[in-house]
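S.K.: Would you be able to build a 3D model of this:
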Amino acid sequence: MVSLFKKIVRRLAMRYGKFSRLYRLLCQPRGEEYVEYLRRHGNFYSIGEHCSILPTTVFTDPAYVRIGHNVHFSSCTLIGHDGSIAMLNRAYNVKLDSVGKIDIRDHVFIGFNAIILPEVTIGPNAIVAAGAVVTKDVAEGNIVAGVPAQPIGRVEDFVKKLHAKTQTLPWADLINRREGSFAPEIEPQLIKLRVSHFYGNPPEVSEVSAPVWESSPSKGSSLDLEYDRHKSIEERSSLLQSQPFPTGQS
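M.R.: As a prediction, this is how the structure comes out:
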């Protein structure tokens, strides 16, 4: 029943632009699907092909936004106007206007929590790092970061570095055979290999022993008894630090 309801909501949203908020909350579309919804109903100047936009991305003024081909957005914010205008108009008895385009060229990535301000052109072939605040143009091929965003490198150098690193990974063969940047059928295997590489081979959850202070032997463990005898926080902290933490390994 829920699945059928989702299908109905998705169809109404995609075809007619209805129930936008419900569509995002209930269907939780991936970036590739959501960009198609925005292409149809988002009121953008234009959106190119092979793009990805997360539903948590904020566009305050989509009519002034042009998006090229192969542009990918994390959860970021693009602001097309100056919100202080209403206050300034009343405070200074003037009639002001301050809006601007945001022109994102081909092959651009905008990172998590980045903020793009008006009158900015980004790219082509550029990366905006997580948390950056872009107040001016990002030149072709640049990687920018910081507040305000400043160039920190070149995309072509970053690609060479990542490519060399990727070929040394234990799962490089899977990456080389993968179609696109994500394949659900091999993702579980990739996660297992990555976790093993990052942390070694951890025991199964069921094999991990509970901390001694969470166990409940009938007569109490030696740590439980010693812990009860020590009254001050400092003494208890010292006692805990002196005890080896159980790992569940023999």
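
S.K.: Quick one: the strands in the chain, in order.
M.R.: For the chain, applying DSSP state E gives strands covering 46-47, 52-53, 58-59, 65-67, 71-73, 77-78, 102-104, 108-110, 115-116, 120-122, 126-128, 133-134, 142-145, 150-154.

S.K.: In terms of secondary structure, what does the second one contact?
M.R.: Identification of packing neighbours for strand 52-53 by 3 or more C-beta pairs under 8 Å, 6 or more residues apart in numbering; DSSP states H and E yields helix 31-41, strand 71-73. (Glycine included, C-beta is placed from N, CA and C.)

S.K.: where's residue 59 relative to residue 83, distance?
M.R.: Distance of residue 59 to residue 83, computed by C-beta to C-beta, to the nearest Å: 15 Å.

S.K.: do the same with residue 97
M.R.: Taken as C-beta to C-beta, the span from residue 97 to residue 83 is 13 Å.

S.K.: again, but for residue 194
M.R.: Taking C-beta to C-beta, one finds residue 194 at 42 Å from residue 83.

S.K.: The two - which one has more neighbours?
M.R.: Comparing residue 194 with residue 83 by other C-beta atoms under 10 Å, the one with more neighbours is residue 194, at 13 against 9.

S.K.: Look up the pLDDT of the more buried one for me, please.
M.R.: For residue 194, the pLDDT comes out at 92.

S.K.: Check the one 10 residues further on too.
M.R.: Looking at residue 204, its pLDDT reads 56.

S.K.: same deal with residue 19?
M.R.: Note on residue 19: pLDDT of 85.

S.K.: what separates it from residue 183, distance-wise?
M.R.: 31 Å.

S.K.: same check, this time on residue 35
M.R.: 20 Å.

S.K.: Looking at those two, which has the bigger crowd around it?
M.R.: Per other C-beta under 10 Å, whichever of residue 35 and residue 183 has more neighbours is residue 35, with 27 against 14.
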